[in-house]
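*Asks:* predicted coordinates and the sequence they were generated for:
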There are 2 protein chains.
Amino acid sequence: MIIDSHQHFVRLAKHPEVEGFRQAQLAGKNLDVPKISDADVTKSLEQVVSLMDSRKIDVAFASPRAKAMATHEGTPEQNAIWADLNNGLIIRACQLTPSRFAPVGMLGQHPSCPSEQVAKQIERWTKEGFIAFNFDPDGTGGRWQNQPFTGKHNYPVFEVAQALDVPLVLHGSESINKNFPHTAVQYLVADITGFVQLMMAKDLFRDFPRLRFLIPHGGGALPCQIGRWRAIAKYNSWASPDEILGNGNVFVDTCVYNDLNMQMLFDAVPLESILFGSECDGAFPGVVNDETHDHYDNTRRYVDDSKLNAADKARIYAANARRVYPRASRWIQA
Amino acid sequence: MIIDSHQHFVRLAKHPEVEGFRQAQLAGKNLDVPKISDADVTKSLEQVVSLMDSRKIDVAFASPRAKAMATHEGTPEQNAIWADLNNGLIIRACQLTPSRFAPVGMLGQHPSCPSEQVAKQIERWTKEGFIAFNFDPDGTGGRWQNQPFTGKHNYPVFEVAQALDVPLVLHGSESINKNFPHTAVQYLVADITGFVQLMMAKDLFRDFPRLRFLIPHGGGALPCQIGRWRAIAKYNSWASPDEILGNGNVFVDTCVYNDLNMQMLFDAVPLESILFGSECDGAFPGVVNDETHDHYDNTRRYVDDSKLNAADKARIYAANARRVYPRASRWIQA
C-alpha cells in the first residue's frame, strides 16, 4: 500500500463559487455558504485521481489548499465559517471517492482567536472523521507577529490533539510579506521555525508526551542544517533534533523534488520518522524535472530510485503514516 | 593555503567599552567613541589565532559580530557611527596581526537610511582596505518589514559593490522576533529569502553582471531544497538555482557542522561556488561534536574527511575565495 500523506485539494479550492464566497466574505458581504454540487466536487478530483492511478498511489491524506487558509485576513468568526466550508468540501470529496482519500482539516486560526475555539473545531471535525489538522505556526500572513506557537496560549489545542490522537501538520499559508513568497520561502520558514520552536519548548513534550507534529517539505532545512541545530541545541540546552525526532513526537514528509534531496532526507532523518508525501498536483502542477522527464511532484520515483531496501520503503510508503495518523484506518480499505 | 572566509570577531565586539558605547548611544547619551588599546584588541584575538593555528588555517576574512550589527535599533546617524567604530576595530585587528586576517565590514543600514549613504560607506571603507561587506537582507530585527533587498532602492549599493569588486555577504543580524532566534532561525531565514530573492530578481544580474553575493551557512536550505526551487523557478519563470550559481554571481560557504551536511553541500552545489568557512569560535564556541570529539566549528575536519580530491579541496580552501574576494590579496602573504 502507498499512502501520500501530503495532498491539498487545490482545484476544489479554486472553484469560482468557493473563491467568490471568500472574497465576498472579506468584503463584508453576508452571502450564504455556496453549495457545490457532487458533480463539481468529483470533477475537481479527476486530475488528482488520475495522477494517483498512474503513480500507483492508493490513498492520499487531503487537506484544503494551504495558501487559501489565509487566516490573517478574516475575523475569527469569518475564519470559522471559512474553515467549515473548506472542511465540509474536503470530507465530501473523501466520501465521494471511497477508499482513496482521508480528510485533513484546516482550522479557523487568527491571532485574536482564543485557542479554546480552535480546540472545539478540532473536536467537532474529528468526530466527523478528520484524521489530522494543518496548523499554521504563523497565522499573520508572513509577518510573523504572533507569539511562538508552542506557548501556553495554545495548550487547549495541544490537549485536544493529544486526547483525540490527531497529529498537527505545521503548514504555512498565504504570505503578504514580499520577502517570503509562499511556496518558495514562507512554507520553508514555517518548517524551520516550527522545528526549532519544538526544540526550544522545554516543557511541551513533558506536558504532552503523545502529541505529534508533522513538518512538511522534507523538514524544511532539517536535513542540511541538522549539524548546526545539534550544536546550537547543546549550546543553549534545548532538546536536540535527535531527541524530538527519536521520541515519536516529530515527523517529516518526503515532499522534496529530486533524487538527491530525497537521499539527503533518508541520510539525515530516522526512517521511522519519515512519511511519504508528494503535494501531488499542488505547488507546481505539471512542471517537468529534466532529470526524470516526469513531473517534479512524482516523488514516488525518488523513493523508488533510492538505495532503501524494500522493508524501509514499505515503512515510508504506508506503515509510518498509519502509525502516526491512527484515525486514517476507517478511510482505508483493509 | 587555507582561508576561512567566514569569521566574526565576536570577542572584540563583546569588549565592555564597545558594548557599553552602543547601549549608551541607543539610550541617547552623547559619548565619545571609545578608544580600545592595541593590547585589548590583540588579546581579544588570542583564542581565534590559537584555534586557527591548531586547525592549520592561514588566513580568515573577519567581520564584526553579526548579532551586534542590529541596525534596526539605532537611527541612520547612530548606525553610521556604530559601523565606523566596529569597522575601525576590525581593520586595526587585521593590521595588528599581519597576514592572518582580511577585513570584511558592516554597514550602517537602517530601513530609513538612503542607500546612497550606505554606498558611500562602502566606498570609503574599501579605500581603507576592506575586501567585502556584510549586507543584512532584513535590517528590521527579524520583523522583515523591509522591501526585498534586491529592489531598485538598493541599486546605489550594488553599483558601488560591482565597481569596486567587493562581494556582499547576505548575513542576518539580531532578531527581536521570538519566532526567529538569531543563530538557529533568523540567519537561515536570511539565507533562504536571500537566495530566493536573487532567483526572483529578473533584471539584477543583467544590470550588474559582475555583482557577487555570498550566502553563508552552506546556503541555508539550498542543498536540501534545490529540487523544490528548481521546480518553482520553472513554474514562475524565475532564474534557476543553477543559473545564478553557475554564472559566478552567487556563492556559499562551508559553515555547516557535521560530515553529513558537508557532503550534502558538495553534492548539491557546484564546487567552484563553495568557499571554506567555519565561523570559528562564533555561533557555539567550544561545543563538542560527539561524532568527532572535536569542536563543532572545526569545519576543516569535515572538508578533509570528505570524498573530494586534493584539487577540489584546494579550490574550496583558497582558490575560490581569492577569486571571489580579489581585494584580499594585499592582506595575504604571497
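*Replies:* Thanks, I have it.
*Asks:* where does the residue in the stretch 1-150 of chain A that chain B sits nearest to land on pLDDT?
*Replies:* Taking CB to the nearest CB as the measure, the stretch 1-150 of chain A has residue A:144 as its residue closest to chain B, at 4.8 Å. The C-beta positions use only the backbone N, C-alpha and C, and glycine is treated the same way. pLDDT, the model's per-residue confidence, is 97 for residue A:144.
*Asks:* kindly report the same for residue A:334.
*Replies:* On the pLDDT scale, residue A:334 gets 66.
*Asks:* which residues in the stretch 151-300 of chain A form strands?
*Replies:* With DSSP state E, counting those that start in this stretch as the definition, the stretch 151-300 of chain A shows strands at residue ranges A:168-170, A:213-215, A:250-253, A:274-275, A:288-289, A:294-295.
*Asks:* I would like the residues contacting the longest one, please.
*Replies:* Judged by CB atoms under 8 Å, 6 or more residues apart in numbering or on different chains, the contacts made with strand A:250-253 from elsewhere in the structure are A:5-6, A:167, A:195, A:198, A:212-219, A:222, A:244-245, A:265, A:269, A:273-277, A:320, A:324.
*Asks:* cutoff 6 Å now
*Replies:* Outside of strand A:250-253, the residues within contact range by CB atoms under 6 Å, 6 or more residues apart in numbering or on different chains are A:5-6, A:198, A:213-216, A:218-219, A:244, A:269, A:273-275, A:277, A:324.
*Asks:* can you check the fourth one too?
*Replies:* Strand A:274-275 is contacted from outside by A:5, A:251-253, A:316, A:320-321, using CB under 6 Å, 6+ apart.
*Asks:* of all these, which comes closest to residue A:58?
*Replies:* Residue A:58 lies nearest to residue A:321 out of the contacts of strand A:274-275, by CB to CB, at 10.9 Å.
*Asks:* Throw the strands of the stretch 151-300 of chain A into TSV and include mean neighbour count, thanks.
*Replies:* Shown next, in TSV, are the strands of the stretch 151-300 of chain A (neighbours: other CB atoms under 10 Å in any protein chain shown):
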stretch	mean neighbour count
strand A:168-170	25
strand A:213-215	26
strand A:250-253	27
strand A:274-275	28
strand A:288-289	18
strand A:294-295	18
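*Asks:* can you redo those as TSV with mean pLDDT?
*Replies:* Formatted as TSV, the strands of the stretch 151-300 of chain A follow (pLDDT from 0 to 100):
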stretch	mean pLDDT
strand A:168-170	98
strand A:213-215	98
strand A:250-253	98
strand A:274-275	98
strand A:288-289	96
strand A:294-295	96
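*Asks:* before we move on, the earlier item: out of the contacts of strand A:250-253, the closest to chain B would be?
*Replies:* Distance to chain B, by CB to the nearest CB, is smallest for residue A:218 among those, at 6.6 Å.
*Asks:* list the contacts for the closest one?
*Replies:* Residue A:218 touches A:252, A:255-256, A:265, counting by CB under 6 Å, 6+ apart.
*Asks:* what is the neighbour count of the nearest residue in space to it that is not next to it in sequence?
*Replies:* Nearest non-adjacent residue to residue A:218, counting by CB to CB, 6 or more residues apart in numbering or on different chains: residue A:256, 3.9 Å away. A total of 26 residues lie near residue A:256 under the criterion other CB atoms under 10 Å in any protein chain shown.
*Asks:* before we move on, back to that, identify the farthest-apart pair in the contacts of strand A:274-275.
*Replies:* The span of the contacts of strand A:274-275, defined through CB to CB, is set by A:252 and A:321 at 12.1 Å.
*Asks:* tell me the residues of chain A that contact chain B?
*Replies:* A:144, A:148, A:177-179, A:183-185, A:188-189, A:192-193, A:196, A:221, A:223-224, A:227-228, A:231-232, A:234-235, A:256-258, A:261, A:264, A:284, A:287, A:296 (CB under 6 Å from any CB of the partner chain).
*Asks:* can you turn the buried part of the residues you listed into a ChimeraX selection?
*Replies:* The buried residues among the residues of chain A next to chain B can be selected in ChimeraX (16 or more other CB atoms under 10 Å in any protein chain shown) with this line:
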select /A:144,148,177,178,179,183,184,185,188,189,192,193,196,221,223,224,227,228,231,232,234,235,256,257,258,261,264,284,287,296
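*Asks:* which ones among the residues of chain A next to chain B lie within helices?
*Replies:* A:188-189, A:192-193, A:196, A:223-224, A:227-228, A:231-232, A:234-235, A:261, A:264 (DSSP state H).
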